[in-house]
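Visitor: Okay, structure incoming, though there's no sequence with it:
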């Protein structure tokens, strides 16, 4: 199967590939024909031919495979930096020419980035040149382990230069062992906090450049370099940060009022707004089954026997007013 038919380049990992790799680890091998639809496993070195029977493939241990993949990523970063240096050398006289002709009132431009590779490359360049701080908002639920592993080297390099990193997640990430392990292995000034609801994804580097998505699938983004706009986004982050609950390095227990948790307070406010279970789950970055479990617990606590009665009891109980007072 070609890379196009597979849906991504052969040197990347996909959900189907990771599922087959997990199966190979459990069963100690998989048939060669089972791996043909997912060439990413062989190209990334996660599966290797069984020398005793070439119709079968054996898995490479994750503890061996991950450092190899990270090393390949580091080599890619080094090649990109060499390319950046060559481009900087070519553009240096052109930039000098433009600077001589530009008006002193010209404002830095905002750039639209039109595909994921360009977005990730622009973010990597900004972080690689950072000298102070990176602020990040990550909405939704758990982040894939592959994404966290891919970001590890870049983040660690930034932290090793003395930079600070602060990240905001939604509360659903508090119980994600993969995310916690990621931050525990980073060495440097790292803080993570969580909120019930956050904005869409945001990255602010050194308060000089920011990245925000343009569409829902995040295949387009804007690289913001206008100072006033970047300052506005950084201020928004700081306000969210003050309201958030610490998750790392030292987690703080979310407050509970009258037996109702902070998560249930958030759900109660959305129920009063008339949102469906699916809409509540999306807003709070959880799956719909988890949302319904919290709604059922809230109904039990308030003694509700129906959805309509639950909304009435929430309004009558005053718990939303209590939540505002607690904040």
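Guide: All right, it came through fine. A quick note: this is a predicted structure, and the numbers were derived from the prediction, not measured.

Visitor: For the rest of this, base every contact and every neighbour count on C-alpha atoms.
Guide: Fine.

Visitor: can you map out the strands along this protein?
Guide: Ranges of strands in the chain, per DSSP state E, are 30-31, 47-49, 56-59, 111-113, 133-138, 164-170, 189-195, 202-205, 209-213, 221-224, 245-248, 256-257, 260-261.

Visitor: Pull up the pairing partners for the fifth one, direction included.
Guide: Strand partners for strand 133-138, identified by DSSP bridges, are recorded as strand 164-170 (parallel), strand 202-205 (antiparallel).

Visitor: so which of the strands of the chain gets nearest residue 284?
Guide: Residue 284 lies closest to strand 164-170 among the strands of the chain, at 7.0 Å (Cα to Cα).

Visitor: quick one: residue 270 from residue 212, how far?
Guide: Here the distance between residue 270 and residue 212 works out to 26 Å (Cα to Cα, to the nearest Å).

Visitor: so can I have JSON lines of the strands of the chain showing mean neighbour count, distance to residue 157 and mean pLDDT?
Guide: Converted to JSON lines, these look like this (neighbours: other Cα atoms under 10 Å; distance: least, Cα to Cα, whole Å; pLDDT from 0 to 100):
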{"stretch": "strand 30-31", "mean neighbour count": "19", "distance to residue 157": "37", "mean pLDDT": "91"}
{"stretch": "strand 47-49", "mean neighbour count": "20", "distance to residue 157": "30", "mean pLDDT": "86"}
{"stretch": "strand 56-59", "mean neighbour count": "22", "distance to residue 157": "30", "mean pLDDT": "89"}
{"stretch": "strand 111-113", "mean neighbour count": "16", "distance to residue 157": "25", "mean pLDDT": "90"}
{"stretch": "strand 133-138", "mean neighbour count": "21", "distance to residue 157": "13", "mean pLDDT": "94"}
{"stretch": "strand 164-170", "mean neighbour count": "22", "distance to residue 157": "11", "mean pLDDT": "93"}
{"stretch": "strand 189-195", "mean neighbour count": "21", "distance to residue 157": "12", "mean pLDDT": "91"}
{"stretch": "strand 202-205", "mean neighbour count": "22", "distance to residue 157": "14", "mean pLDDT": "96"}
{"stretch": "strand 209-213", "mean neighbour count": "23", "distance to residue 157": "19", "mean pLDDT": "95"}
{"stretch": "strand 221-224", "mean neighbour count": "20", "distance to residue 157": "22", "mean pLDDT": "94"}
{"stretch": "strand 245-248", "mean neighbour count": "20", "distance to residue 157": "19", "mean pLDDT": "88"}
{"stretch": "strand 256-257", "mean neighbour count": "13", "distance to residue 157": "39", "mean pLDDT": "58"}
{"stretch": "strand 260-261", "mean neighbour count": "16", "distance to residue 157": "38", "mean pLDDT": "71"}
